[in-house]
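Student: test case, fold it:
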Amino acid sequence: MAAGALGALGGARPTGIGWLDAVLLAIGGAAMAAGALRARTIPVYVAAAAAAILQPATAPLLLGCVALAAAFARRWQRSSALAGAMAGALSWACAVGVPGEPGARPLWVPMAAFAWVWWSTWQHGSRRFKQRAGRVAVALGAVAVVGATLGALAALEARSEAQRGSDLLRAGLDAARTGDTDAAVADLRAARRALSRAEGSLGALWARPAWLVPGVSQNLRTLHDLTVEVDRLAGVAVTAAETANVDALRATAGQIDLAAVAAVDAPLVELRAALDRAAAAVADLDGTWLLPPVQHGLDEVRDEVADVIPSTDLAIEGVRVAPALLGADGPATYLVLFTTPVEARATSGFPGNFAEVTFDGGHFDMTRFGRISELVDALPDGGGTLSGPADYLARYGRFKPHWEWRNLTMSPDFPSVASVAAELYPQSGGRPVDGVMTVDPTALAALLRFTGPIAVPGVAKPLTYKNAAQFLLIDQYVDLPDNPERIDTLEVLAETTFDRLQAATLPGPHSLAQVLGPVVAEGHLQVQAFADGAAGFLDELGLSGRYPAVAGDFVGVTTSNAAGSKIDLFLRRALGYDVRWDPSTGSLAATATITLTNSAPASGLPSYVIGNALGGRLGESKLPEGWNNTFVTLYTPWDVDAATLDGEPLPLERIDELGRHALSTFVPIGPGESRTLQVTLTGFLDDARYVLDLAPQPQVEPETATVRVRVAGGGSLRATGPVRSSGGEVTGSFPLTRDVRITADRR
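Tutor: Numbering: from 1, shown residues only. Presented below is the predicted three-dimensional model:
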């Protein structure tokens, strides 16, 4: 009786039904106490040892140790019935745990040992005992077989409907993301019907006996509860899809319906609450005693709910932040800088034109357009005044961004550039702005998908989203060599594009994201707004252009044009990064190799394309035509051991910026030449996993990155990112067009 009471307190859940589990565990404890009286000593030893070794919790482990001691006492005092009963009872209590503690893992090992104990008990029992024990075993086996059969039939009957419901749910959610509300509602309703049928099969009255069978019960009830939770989510998703008018979340004739944006908030909040309930319910499902397919389904639902929650939070945040950004509380004006990487700057490129775009109550209009030289000329004598950011001014103040707008974008961190531009713009005669954007040729070409072809003076064929980037980056310098005519053409294209956007009916959020998502990810379109909560929201969208934070190892390279021409049209860049890391000590040694190739001709193109308006270095004479003079910066968290340019020692300027070291120098490159800057670095990375972030710079031709990571200590590595692992080494070569993270840890 004492053994049964102790067993009833066990934490194991063979069926998941509280009262039934207590009864089953009590019977098991009593049976083990009684069985250990007749069994041989060795099976009792094994049962106690297996339970103790596989028990992770402290309190039941102590019971297992006492069980081992009792088994030894039984061995040396063969007539001690109390020691045998204690050994069996405490072994069972150790295996099934105590309230709030888990059972032994895996539980089947001590259970197999307990079966050996019972087999030994049966072998050494009387004929009458064997007969009675045999009848009980047959009866229990029959109940288990019938229950398992009913459970299997219920699972088989529900399987196809559950799978169909899951597929329809995914299809409905996909349709909702694309803005096809009718298809979303139809698929989600069909999913609910299929899931309801599956739920009915799993919970049918004829299947309920299976819920009483240990092992079978856990699997059947988990499938049933998963189906119920997914069905509830589908129901909330139907309501959200019917209530939220996604079709209204688009710009028509320069107007965005802010009321429609606000109306999406309540359905999203309801969906978020449903996700919380589902996450809590699924987390409470016991993962023990589950067959692999059921465990996989449980893990899949947990992962899917966890994956949806962040995107739902982002959608809610966007619905609440967007009205202020779109002028719900009064006009919101944004300064747009039209940039080009053919005259490189770390952020997007050289700004040649600018515009003002104003949102007022959801209506947007381009209220001003001009050349960047107008802003330079409008500054007071001696230039404007700038108050920050501090590291921006410390690093770039010598390039005089306070009076030379063309140097404003030298920082790779767009929020820093945006704050400087916003402070300087009113000093150049502009109005105070609520945000700043950059649009480069690739982004402008993408916008032509929504406007259609645009005919511009001097260009034989209309410009489309297919040929506009090529024209803006390259062809204009060949087809329109006359500078005034070329500038007029660019102005017509930019102004016409924004005028067309104002008159067009733009697609919904999903279609916009499909077109502009890659453009944003590669840094061709950047937005920074100053309204409350806007910065974090834009960071999460990837629109802010914020330079990645240092999370472990980091490498980023930028080049800024110091020639005063469009010669970066011909600049090609390659980055090699070879790192050795010892996780036992944290010591790290790396070599960054930057290869710069200038494919520009020495003559044959206008001077503003391949000439040098500036000196080789500040104060030096001008370089010949065809020479590229570039200001190169390597961003790293590590200290410099040595630096060479084409094998010759080279001192590098070091200024800390954005929480890391900025190592810089000017590199002149003759036409057709390549130059190699190599920097060796040392540092200390105290982490269990190696993490490397690489940051790109938008260029005419993407930078090529080649990475090699060697981890000391032997063994094989598991890696993520555009790399492959072999033994203790990770390698990869890829175009660096967007932020890349590479991780490596031991298998």
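Student: C-alpha only now, for contacts and for neighbours.
Tutor: Fine.
Student: what's around the nearest residue to residue 442 once chain neighbours are set aside, how many residues?
Tutor: Take residue 442 and drop its neighbours on the chain: the residue closest to it by Cα to Cα, 6 or more residues apart in numbering is residue 469, 5.2 Å away. Residue 469 has 20 neighbouring residues, counting by other Cα atoms under 10 Å.
Student: isn't residue 469 up against residue 445?
Tutor: Yes: counting by Cα atoms under 8 Å, residue 469 does reach residue 445; the two are 5.5 Å apart.
Student: quick check: longest helix in this structure by residues?
Tutor: In the chain, taking DSSP state H as the definition, the longest helix is helix 127-177.
Student: same for it, what does it pack against?
Tutor: Helices and strands touching helix 127-177, as assessed by 3 or more Cα pairs under 8 Å, 6 or more residues apart in numbering; DSSP states H and E, comprise helix 108-123, helix 181-202, helix 216-243.
Student: for residue 473, find the nearest of the ones you listed.
Tutor: Closest to residue 473 of the helices and strands packed on helix 127-177 is helix 181-202 (Cα to Cα; 40.0 Å).
Student: tell me the buried residues in the closest one?
Tutor: Residues of helix 181-202 classed as buried by neighbour count (16 or more other Cα atoms under 10 Å): 181, 183-185, 187-202.
Student: any low-confidence regions in the stretch 351-500 of the chain?
Tutor: 481-488 (pLDDT under 70).
Student: swap the cut-off to 90 and go again
Tutor: In the predicted model of the stretch 351-500 of the chain, residues 367, 381-382, 388, 455-461, 470-500 satisfy pLDDT under 90.
Student: all helices of it, in order?
Tutor: 372-378, 390-396, 414-424, 441-451, 468-470, 476-479, 483-503 (DSSP state H, counting those that start in this stretch).
Student: which of these is buried the deepest?
Tutor: helix 414-424 (a mean of 23; mean count of other Cα atoms under 10 Å).
Student: returning to that earlier point: of all the helices of the stretch 351-500 of the chain, which lies closest to residue 643?
Tutor: helix 390-396 (20.4 Å).
Student: need the contact partners of the closest one.
Tutor: 410, 411, 416, 655, 656, 657, 658 (Cα atoms under 8 Å, 6 or more residues apart in numbering).
Student: how far does that helix sit from its chain's centre?
Tutor: Distance, stretch centre to chain centre, for helix 390-396: 31 Å (Cα atoms, centre = their mean, to the nearest Å).
Student: picking that back up, how about the helices of the stretch 351-500 of the chain in a markdown table, adding distance to residue 509?
Tutor: Formatted as a markdown table, the helices of the stretch 351-500 of the chain follow (distance: least, Cα to Cα, whole Å):
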| stretch | distance to residue 509 |
| --- | --- |
| helix 372-378 | 32 |
| helix 390-396 | 35 |
| helix 414-424 | 24 |
| helix 441-451 | 13 |
| helix 468-470 | 24 |
| helix 476-479 | 33 |
| helix 483-503 | 15 |
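Student: residue 349 is nearest to which of those?
Tutor: That would be helix 441-451 among the helices of the stretch 351-500 of the chain, by Cα to Cα, at 10.2 Å.
Student: identify the residues contacting that closest one?
Tutor: Defining contact as Cα under 8 Å, 6+ apart, one finds that helix 441-451 is touched by 339-340, 464-469, 472-473, 494, 497, 500-501, 504, 506, 515-516, 519, 524-525.
Student: may I see the PyMOL selection of the buried members of those residues?
Tutor: Selecting only the buried entries of the contacts of helix 441-451 in PyMOL, with 16+ other Cα under 10 Å as the criterion:
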select buried, resi 339+340+464+465+468+469+472+473+494+497+500+501+504+506+516+519+524+525
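Student: identify the bridge partners of residue 677.
Tutor: Beta-bridge partners recorded for residue 677 (DSSP bridges): residue 594, residue 645.
Student: relative to residue 251, which of the helices and strands packed on helix 127-177 is closest?
Tutor: Proximity to residue 251 (Cα to Cα) singles out helix 181-202 among these, at 17.7 Å.
Student: okay, now residue 517: neighbour count?
Tutor: Neighbours of residue 517 using other Cα under 10 Å come to 16.
Student: for residue 346, see how far away it is.
Tutor: The gap separating residue 517 from residue 346 is 21 Å, by Cα to Cα, to the nearest Å.
Student: from memory residue 223 sits against residue 294, does it?
Tutor: Yes: with contact defined as Cα under 8 Å, residue 223 and residue 294 form a contacting pair (7.0 Å).
Student: the two: who's more crowded?
Tutor: residue 223 (23 against 18).
Student: tilt between the helix or strand containing residue 278 and helix 216-243?
Tutor: When elements are assigned from DSSP states H and E, residue 278 belongs to helix 265-284. Between helix 265-284 and helix 216-243, the angle comes out at 170 degrees (axes from the mean of the first three to the mean of the last three Cα atoms, to 10 degrees).
Student: any buried residues in helix 265-284, and which?
Tutor: Result for helix 265-284 [16+ other Cα under 10 Å]: buried residues 265, 267, 268, 269, 271, 272, 274, 275, 278, 279, 282.
Student: could you find the closest non-adjacent residue to residue 568?
Tutor: residue 342 (4.7 Å).
Student: I'd like the next helix or strand past the helix holding residue 278.
Tutor: Per DSSP H and E, the first helix or strand lying C-terminal to helix 265-284 is helix 292-325.
Student: immediately after that next one, which helix or strand?
Tutor: With DSSP H and E, the next secondary element past helix 292-325 is strand 332-340.
Student: average pLDDT across that following strand?
Tutor: For strand 332-340, mean pLDDT is 96.
Student: and the angle for it with helix 441-451?
Tutor: Taking the same axes, to 10 degrees, strand 332-340 and helix 441-451 form an angle of 120 degrees between their directions.
Student: strand 332-340 to helix 292-325, inter-axis angle?
Tutor: Using the same axes, to 10 degrees: strand 332-340 against helix 292-325 is 110 degrees.
Student: residues touching strand 332-340, excluding its own?
Tutor: With Cα under 8 Å, 6+ apart, strand 332-340 has contacts from 324-326, 348-360, 422, 432-441, 473.
Student: where along the stretch 551-700 of the chain do the strands fall?
Tutor: Here the stretch 551-700 of the chain has its strands, by DSSP state E, counting those that start in this stretch, at 553-561, 571-581, 587-598, 628-636, 639-645, 648-649, 653-657, 660-669, 674-684, 690-695.
Student: list the helices and strands the fifth one packs on?
Tutor: So that's strand 639-645. Here strand 639-645 touches strand 674-684, going by 3+ Cα pairs under 8 Å, 6+ apart.
Student: what comes into contact with the strand it packs on?
Tutor: The contact list for strand 674-684, computed with Cα under 8 Å, 6+ apart, reads 586-598, 637-647, 669.
Student: for residue 143, what are its contacts?
Tutor: Counted by Cα under 8 Å, 6+ apart, residue 143 has contacts residue 213.
Student: got the CA positions of the helix or strand hosting residue 718 in PDB?
Tutor: Using DSSP H and E, residue 718 falls within strand 717-720. Below are the C-alpha coordinates for strand 717-720, written out as PDB (Å, rounded to 0.1, in the frame of the first residue of the first chain):
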ATOM      1  CA  LEU A 717      31.700  21.900 -37.900                       C
ATOM      2  CA  ARG A 718      28.100  22.800 -38.600                       C
ATOM      3  CA  ALA A 719      27.800  26.000 -40.600                       C
ATOM      4  CA  THR A 720      25.000  28.300 -41.800                       C
END
